[in-house]
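Student: What follows is a predicted protein model with its sequence.
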Amino acid sequence: MSWSDERVELLKKMWGEGQSASQIAKELGGVTRNAVIGKVHRLGLSNRNGGGGNSTASASTEAKAKPAPKVAKPAKPKAAPKPEAAPAAAEAPAPAPAVVTRIKPIIPAGQPLPPQPSTNEIDPKALAKVTEVEKKAKRLNLMELTSRTCKWPVGDPATDDFWFCGLPSQAGKPYCEAHVGVAFQPMSARRDRRR
């Protein structure tokens, strides 16, 4: 199938009338909806709503071809007679009820998240315990870790001072007792935060 001049003109006419790509494909025959969309895009007709793209050139030529209609200047309105004092109830309309929406705003990728309210602060006793444990930690590197050692990272991985705790881990957990106390929250606290 080739796009002859007649078929292109028919496509432009039907597209300008607001017909869908499927309707145009059906009318032309031997062409798919996607082929119509591709041809419309290549012709620069893709934006019917005038929302940018290649349609600006065609919109400016249409504006030159059609002279703008003359708008009559509105006459100055006559001053309305002053109404007599109305009752106090009629003066103030009732305020509209506030609309409450539960839709969370979408944060674009790459943007920092707004501060989140924290309902579950880390227990200061657990933090004190962690600092005491880290003083006697084995300071293992990644290659020295096993399934029985605490895998709690300490420091910045990009520096030479980075290490893992290395103390014996709790059964079924990746961390030692002190780090489990910081890493895992009780179920009730997590449920409360979801509300």
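Tutor: Arrived safely, thanks for sending.
Student: for this structure, where's the lowest mean pLDDT among helices and strands?
Tutor: Across the helices and strands of the chain, the lowest-confidence element by mean pLDDT, DSSP states H and E is helix 55-65, at a mean of 47.
Student: Now stretch 171-186: average pLDDT?
Tutor: Mean pLDDT, stretch 171-186: 84.
Student: which of the residues in that stretch are buried?
Tutor: Judged by neighbour count using 16 or more other C-beta atoms under 10 Å, the buried positions of stretch 171-186 are Tyr175, Cys176, Ala178, His179, Val180, Gly181. C-beta coordinates here come from the backbone N, C-alpha and C atoms, glycine included.
Student: can you list the residues that contact it?
Tutor: Outside stretch 171-186, the residues within contact range by C-beta atoms under 8 Å, 6 or more residues apart in numbering are 120, 122-123, 126-127, 129-130, 132-133, 150-152, 165, 167-170.
Student: Now the buried members of the residues you listed.
Tutor: Neighbour-count burial (16+ other C-beta under 10 Å) applied to those gives Lys129, Val130, Val133, Cys150, Lys151, Trp152, Cys165, Leu167, Ser169.
Student: Mind putting these into a markdown table with secondary structure and distance to Thr32?
Tutor: Output for those, formatted as a markdown table (DSSP: H, G, I helix; E, B strand; the rest coil; distance: C-beta to C-beta, whole Å):
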| residue | secondary structure | distance to Thr32 |
| --- | --- | --- |
| Lys129 | helix | 68 |
| Val130 | helix | 64 |
| Val133 | helix | 67 |
| Cys150 | coil | 61 |
| Lys151 | coil | 55 |
| Trp152 | coil | 58 |
| Cys165 | coil | 62 |
| Leu167 | coil | 66 |
| Ser169 | coil | 60 |
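Student: ok, so of those residues, who is nearest Glu9?
Tutor: Nearest to Glu9 among the buried ones among the contacts of stretch 171-186, counting by C-beta to C-beta, is Lys151 at 70.0 Å.
Student: And for that closest one, nearest residue in space, chain neighbours not counted?
Tutor: Excluding the flanking residues, the one nearest Lys151 by C-beta to C-beta, 6 or more residues apart in numbering is Pro174, at 4.7 Å.
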